[in-house]
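Asker: with the input below, show me the fold.
(chains A and B)
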Amino acid sequence: MTLRTYVITRILLTIPMVLLLLTLVFVVVRVLPGDPVLLHFEKRADPEVIEEFRHRLGLDKPLWEQYVDYLWGLLHLDFGKSMQDFSPVSVQIFSAFPATLELAIFSMLVAVGIGTLLGVESARSYNTPKDHTIRIFGIVSYAIPVFFLGIVMQIVFGIVLRWLPTGGRTYPGMEPVGAYIKLPFEFFGIKEIHLATGLYTIDSIFEGNPMKFIQALRYLCLPSITLGLVLSGVFIRLTRNNMLETLRMDFVTAAKARGLKERVIIYSYALKNSFLPILTMMGLQFATLLSGAVLTETTFSWPGLGRYIFTRIGFRDYTAIQGAVAFFAIMVAIVSLIVDILYAYLDPRIRL
Amino acid sequence: MEKEEKPKGIIVGPLIKLASLPKEGWAGWIVLVGIIIVLSMVIITIIGPFISPYDPNAFHTGPLFAPPSSEHLFGTNHLGQDMLSRVLCGGTTMLQVALLSVTICFIIGVPIGLFSSYIGGNLDKVISLVMDSIYAFPGLVLAIAIAVMLGKGAVNMALSIAVIYIPSYFRIVRSQVLTIKEMAYVEAAKAIGARNRTILARYILPNVIPSIVTVATINFADAILTAAGLTFLGWGVEVDIPDWGWDLYYGRQYISKAWWIIFFPGLMIILLALGFTFIGEGLSELLNPRLREGK
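Answerer: I've put the predicted structure just below:
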């Protein structure tokens, strides 16, 4: 199978997966006992008001019709209307998403960085106190509630030491706007392009503003280290087990016999073998990362999707929750698609 | 490292084998430490109401926000409640929720896994697809969605946590059964005309149990963390029972002036989750000899 056929097959296979995940969300919110409208009003509203409310949100239609509407809407990136103010949920989701993405990327970097480093160290000093300490660190990181670690970080680095900010995405007024690139010629009436990703670190680079970049990084520090640390345990174990197996292989012995330095053998020979499993694990951990992000964002007042869900729970805004959860489902499917394609690209065996 | 390979004994003969755990090396120690932590947490929770110095729900047992002192060992919170008493009594909800959700997972996940993989065919494919999609979903997000729909309460919380962990049981059981059902002794049982029920219960299930126990202990830790997360997001069990999760939820507003309100309950949650994780990690290593060989 060529890479192109593989990619096309994989994309086609993603469709039933997305459909299944979206159906799951629908089943949870609409079919499970508990009427969203009644719950929203906490059972204290006139029947007429409730009826009108249902009608405006399309909740008075038969279930299958609601289901079709829901899927049809999602196909047009319509995530439904908020129960609170009838505003489209998609607008809020798309404005909150870059914050979550930025947090997710940096946390993943922290997790993989710490995980590989400690994992390699642990494997190198197999069955010594150092190995045991690293492994216990890995297990402990797994058992710490991410919000508790976040609060401890806030107390230590934010309140006591005053090194880093404890909440928000950047210093008020320092939000980067991205770059405006003037086109050399008019293209269908467009004279300039607004280049902005919504990721503050990248937008501040586009803007060429180092102060904004530093501020964005400072605000990212605590949340991403918190979430990264909690996720690092999995990568420590993965790297350690992989390295233990790799270090026993013939090419490592051969490299040793040729007199190569241990550091070179480990970091440029052996670690390469661990790269694919780490990539797979990054894909698998993405869902866990999103769960952690909900709690991390709430702890650090990070204005992302997780915090959006949190505030919507407070308003009992069930349609908004449904929309946001559906968005999470689509994200998970897309990421697993990307990881699989990357994997196939890097390891031709998978396409056989 | 000891070369003994008797992993199943550790689960079957609990008390006598406990003492011999350290002989199994690092993994054995981890399991033992985990068991000790979990047992002491359970004991604390059971005897907590009898040994706590104050009524955990009584207001103004001392000044508000009193720092740890000889009178209030863990300080007091924003209502003047004694934190030591709240820590001693606060594990009930979390343990109940975790136990209930693990039981539900076990009762639903294991049989489905057994039958689905044993029967195979299209039914197995459909069930696997559904389970995989639940498994792929961000657990907490799904639990939030289910919990807000079902409403507050310990049982509902346990149910919403159970739903997200059933696939773990299903997957582990399924992957094991797929190997075991090709074994010679299963073939032999079939050949002598044993009924499917007998084969599943007498020949397959016993071989799957060790892996299930490992998953269950990890599941316990996950359930505790998810329950704590749900409570932290304001979706806990709202009752007059002291709960570590609630202390974290309320104490969060006062972290700059009273760290002790969240610190001690948080520590208890970590210890409880850590105990189960230790057991799970240790067991999975004991049951998987490939990891033990080392260099």
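Asker: can you show me the helices along chain B?
Answerer: B:7-12, B:14-18, B:26-51, B:83-89, B:92-119, B:121-136, B:139-150, B:154-180, B:184-191, B:196-198, B:205-232, B:244-251, B:260-287, B:289-292 (DSSP state H).
Asker: the fourth one packs against which elements?
Answerer: If I follow you right, that is helix B:83-89. With contacts taken as 3 or more C-beta pairs under 8 Å, 6 or more residues apart in numbering or on different chains; DSSP states H and E, helix B:83-89 sits against helix B:26-51, helix B:244-251, helix B:260-287. C-beta coordinates here come from the backbone N, C-alpha and C atoms, glycine included.
Asker: quick one, which of those helices is nearest to A:Leu289?
Answerer: When the helices and strands packed on helix B:83-89 are compared by C-beta to C-beta, helix B:260-287 sits nearest A:Leu289, at 18.6 Å.
Asker: next, the angle from that closest one to helix B:205-232.
Answerer: For helix B:260-287 against helix B:205-232, the angle by axes from the mean of the first three to the mean of the last three C-alpha atoms, to 10 degrees is 160 degrees.
Asker: low-scoring stretches of the stretch 1-150 of chain A, by residue?
Answerer: Within the stretch 1-150 of chain A, the segments meeting pLDDT under 70 span A:33-34, A:42-44.
Asker: so which bits of it are right by chain B?
Answerer: Counting by C-beta under 8 Å from any C-beta of the partner chain, the positions of the stretch 1-150 of chain A adjacent to chain B are A:16-17, A:20-21, A:24-25, A:28-29, A:32-34, A:36, A:39, A:126-127, A:132, A:135, A:139-140, A:142-148.
Asker: show me which of these are buried.
Answerer: For these, a burial check counting by 16 or more other C-beta atoms under 10 Å in any protein chain shown picks out A:17, A:20-21, A:24-25, A:28-29, A:34, A:36, A:39, A:135, A:139-140, A:142-148.
Asker: using TSV, please lay out the helices of chain B together with mean pLDDT and mean neighbour count.
Answerer: Formatted as TSV, the helices of chain B follow (pLDDT from 0 to 100; neighbours: other C-beta atoms under 10 Å in any protein chain shown):
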stretch	mean pLDDT	mean neighbour count
helix B:7-12	50	16
helix B:14-18	60	11
helix B:26-51	88	17
helix B:83-89	84	25
helix B:92-119	90	20
helix B:121-136	87	15
helix B:139-150	86	25
helix B:154-180	90	22
helix B:184-191	86	12
helix B:196-198	84	11
helix B:205-232	88	23
helix B:244-251	83	23
helix B:260-287	88	24
helix B:289-292	54	13
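Asker: turn those into JSON lines, including distance to A:Gly167.
Answerer: JSON lines is the format used below for the helices of chain B (distance: least, C-beta to C-beta, whole Å):
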{"stretch": "helix B:7-12", "distance to A:Gly167": "46"}
{"stretch": "helix B:14-18", "distance to A:Gly167": "46"}
{"stretch": "helix B:26-51", "distance to A:Gly167": "32"}
{"stretch": "helix B:83-89", "distance to A:Gly167": "25"}
{"stretch": "helix B:92-119", "distance to A:Gly167": "27"}
{"stretch": "helix B:121-136", "distance to A:Gly167": "31"}
{"stretch": "helix B:139-150", "distance to A:Gly167": "21"}
{"stretch": "helix B:154-180", "distance to A:Gly167": "28"}
{"stretch": "helix B:184-191", "distance to A:Gly167": "58"}
{"stretch": "helix B:196-198", "distance to A:Gly167": "58"}
{"stretch": "helix B:205-232", "distance to A:Gly167": "16"}
{"stretch": "helix B:244-251", "distance to A:Gly167": "17"}
{"stretch": "helix B:260-287", "distance to A:Gly167": "16"}
{"stretch": "helix B:289-292", "distance to A:Gly167": "41"}
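Asker: looking at these, which is closest to A:Val120?
Answerer: So among these, helix B:289-292 is nearest, using C-beta to C-beta, at 17.0 Å.
Asker: got the residues of the stretch 51-200 of chain B near chain A?
Answerer: Counting by C-beta under 8 Å from any C-beta, the residues of the stretch 51-200 of chain B that sit close to chain A are B:129-130, B:133-134, B:136-142, B:144-146, B:148-151.
Asker: on that earlier part again, just the buried ones among the residues of the stretch 1-150 of chain A next to chain B: which are in helices?
Answerer: Per DSSP H, those map to helices at A:17, A:20-21, A:24-25, A:36, A:39, A:135, A:139-140, A:142-143, A:146-148.
Asker: now, which of those sits nearest A:Ala254?
Answerer: The closest of those, once distances to A:Ala254 are taken by C-beta to C-beta, is A:Arg135, at 28.9 Å.
Asker: for the stretch 251-352 of chain A, which segments count as strands?
Answerer: Counting by DSSP state E, counting those that start in this stretch, one finds no strands in the stretch 251-352 of chain A.
Asker: that one against chain B: which residues are in contact?
Answerer: So the stretch 251-352 of chain A meets chain B at A:287-292, A:294-295, A:298-299, A:309-310, A:313-314, A:316, A:318, A:321-322, A:325, A:328-329, A:332-333, A:336 (C-beta under 8 Å from any C-beta).
Asker: just the buried ones out of the residues you listed, please.
Answerer: The buried subset of these (16+ other C-beta under 10 Å) comprises A:287-292, A:294-295, A:298-299, A:309-310, A:313, A:316, A:318, A:321-322, A:325, A:328-329, A:332-333, A:336.
Asker: tell me which of those residues fall in helices.
Answerer: Judged by DSSP H, those include A:287-292, A:294-295, A:298-299, A:309-310, A:313, A:318, A:321-322, A:325, A:328-329, A:332-333, A:336 as members of helices.
Asker: which residues touch residue 159?
Answerer: Defaulting to chain A. Contacts here follow C-beta atoms under 8 Å, 6 or more residues apart in numbering or on different chains; on that basis A:Ile159 touches A:166, B:255-256.
Asker: let's do chain B instead
Answerer: Taking C-beta under 8 Å, 6+ apart, one finds B:101, B:104, B:146, B:150 in contact with B:Leu159.
Asker: isn't the first one right next to B:Ala223, touching?
Answerer: The reference is to B:Ser101. Yes. Counting by C-beta atoms under 8 Å, B:Ala223 is a contact partner of B:Ser101 at 4.7 Å.
Asker: any residues in contact with both of the two?
Answerer: B:158, B:161, B:165.
Asker: I'd like those residues laid out as JSON lines, including distance to A:Tyr345.
Answerer: JSON lines is the format used below for these (distance: C-beta to C-beta, whole Å):
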{"residue": "B:Ala158", "distance to A:Tyr345": "43"}
{"residue": "B:Ile161", "distance to A:Tyr345": "37"}
{"residue": "B:Tyr165", "distance to A:Tyr345": "33"}
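Asker: tell me the one of those residues nearest B:Thr93?
Answerer: Nearest to B:Thr93 out of these is B:Ala158 (C-beta to C-beta; 10.2 Å).
Asker: against chain A, how distant is that closest one?
Answerer: With distances taken as C-beta to the nearest C-beta, to the nearest Å, B:Ala158 is found 15 Å from chain A.
Asker: got a list of what that residue touches?
Answerer: B:Ala158 sits in contact with B:96-98, B:100-101, B:104, B:223, where contact means C-beta under 8 Å, 6+ apart.
Asker: ok, A:Val152 next?
Answerer: Contacts of A:Val152 (C-beta under 8 Å, 6+ apart): B:263, B:266.
Asker: could you look up the SS state of A:Glu186?
Answerer: What DSSP: H, G, I helix; E, B strand; the rest coil gives for A:Glu186 is strand.
Asker: do A:Thr166 as well
Answerer: Put simply, A:Thr166 is coil when judged by three-state DSSP.
Asker: pull the contacting residues for residue 200.
Answerer: Unless you meant another one, I'm taking chain A. Here A:Tyr200 is in contact with A:102, A:169-170, A:175-176, A:212, A:216, A:219-220 (criterion: C-beta under 8 Å, 6+ apart).
Asker: that's the wrong chain, I meant chain B
Answerer: Contacts of B:Leu200 (C-beta under 8 Å, 6+ apart): B:114-115, B:118.
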